[in-house]
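> What shape does this take:
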Amino acid sequence: IIYAGTGEANFANHSRFGLGMLRSTDAGQTWTLLGEGVFAGRCFSKIVCDPQTPGVLYASITIAGGFPSLAAAKGHPGAGGPLGVWRSADRGQTWAQLPGLPNLSITDLAIDPSAPATLYAAVGHIFGAPDNGLYKSTNSGQSWTKLAGGLPAAPGRISVAVAPSAPQTVYALVANPSSATGGGASNIGAYRSTNGGASWSSAGSVNQATYGWYLNVVSVKPDDPSTAFYGGLDMTRRVGSTSTNVTPPHVDMHAMAWDAAGRFLSGDDGGLHRTTNLGASWQNLNVG
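Predicted coordinates for the structure are as follows:
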């Protein structure tokens with residue numbers, strides 16, 4: 001069973017709106033559109049599944065962004081619909097919006113695999129907002145607490161990742177707010193918590209130029225909580241306190257994933273690249 005959220009949560013004029021969630025029950029051979037009446041006109045930034053109860057899903061939603069705001073929605077009647085995090089208990093057939101979060105774009109979402117009632121939602125309105133920040137829930141999203149303890153106040157776009165092998169370790173990649181013309185959104189920095197978000201320390205940075213509103217992604221090595229990757233214009237590998245530029249053959253990072261063999265994949269503006277040595281070298285997967 002595969003879920004795909006439609007819409008491009010990247011806030012550019014060419015980042016088109018979505019029409020709901022697609023679900024496949026045959027490994028992608030056929031797809032069913034779900035949630036169109038709930039989500040159409042806006043974008044999915046992340047879908048996470050409860051690993052202990054596979055029918056339970058969470059989805060974070062953003063505007064169809066652009067300059068000016070909503071330009072990419074192309075007048076869709078759902079463009080101004082509610083933002084936030086939704087929960088489904090029936091594999092995406094029906095959805096309920098979770099309470100307690102501001103009505104701003106949720107730019108990322110993470111779940112604690114060992115305690116899946118614990119969620120982290122990144123409220124990252126790209127032009128900055130007092131309510132922007134990282135929020136944590138320990139009751140499946142029924143209530144949320146805004147985290148502080150060293151995180152920047154009123155930033156722009158944020159990404160978040162939980163270390164699968166040590167879920168109390170959480171990483172956040174934080175950008176400055178964007179200006180009205182798309183500039184200004186440089187990287188504030190990466191932050192790491194080892195106590196479930198109670199306190200944070202600086203954990204390096206990545207070159208986002210002024211595109212932190214557009215290029216902002218973080219991932220943790222599944223079996224090593226001390227190794228993380230930050231994606232912006234370039235890519236940084238952080239191991240402990242050591243940072244290394246490991247940018248793939250093409251810049252502009254949008255997606256990161258780990259396959260079942262432990263290989264790391266980068267989805268960037270040049271397509272898909274894979275590494276077997278943590279970014280020391282890359283294989284181009286775009287041939288054909």
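
> got a list of what the nearest residue to Gly279 once chain neighbours are set aside touches?
Nearest residue to Gly279 in three dimensions, chain neighbours excluded: Val246, at 2.8 Å (Cβ to Cβ, 6 or more residues apart in numbering). The C-beta positions use only the backbone N, C-alpha and C, and glycine is treated the same way. By Cβ atoms under 8 Å, 6 or more residues apart in numbering, the residues touching Val246 are 229, 235-237, 275, 278-280.

> now Arg91
Applying Cβ under 8 Å, 6+ apart, the residues near Arg91 are 1, 23, 54-55, 57.

> In the stretch 1-150 of the chain, mark out all the helices, start to finish.
Applying DSSP state H, counting those that start in this stretch to the stretch 1-150 of the chain gives helices spanning 36-39.

> quick one: the residue lying closest to Arg157 once chain neighbours are set aside and Val56, what's the gap?
Counting by Cβ to Cβ, 6+ apart, Gly124 is the residue found nearest to Arg157 once chain neighbours are left out, at 4.1 Å. As judged by Cβ to Cβ, to the nearest Å, Gly124 and Val56 stand 24 Å apart.

> between the two, which one's more packed in?
Gly124 (32 against 18; other Cβ atoms under 10 Å).

> so what's that one scoring on pLDDT?
We have a pLDDT of 97 for Gly124.

> next one: Ala180
87.

> Report the contact partners of it.
Counting by Cβ under 8 Å, 6+ apart, Ala180 has contacts 67-68, 127.

> Buried ones among these?
The neighbour-count test (16 or more other Cβ atoms under 10 Å) marks 67, 127 as buried among these.

> okay, now Gln52: neighbour count?
Neighbours of Gln52 using other Cβ under 10 Å come to 11.
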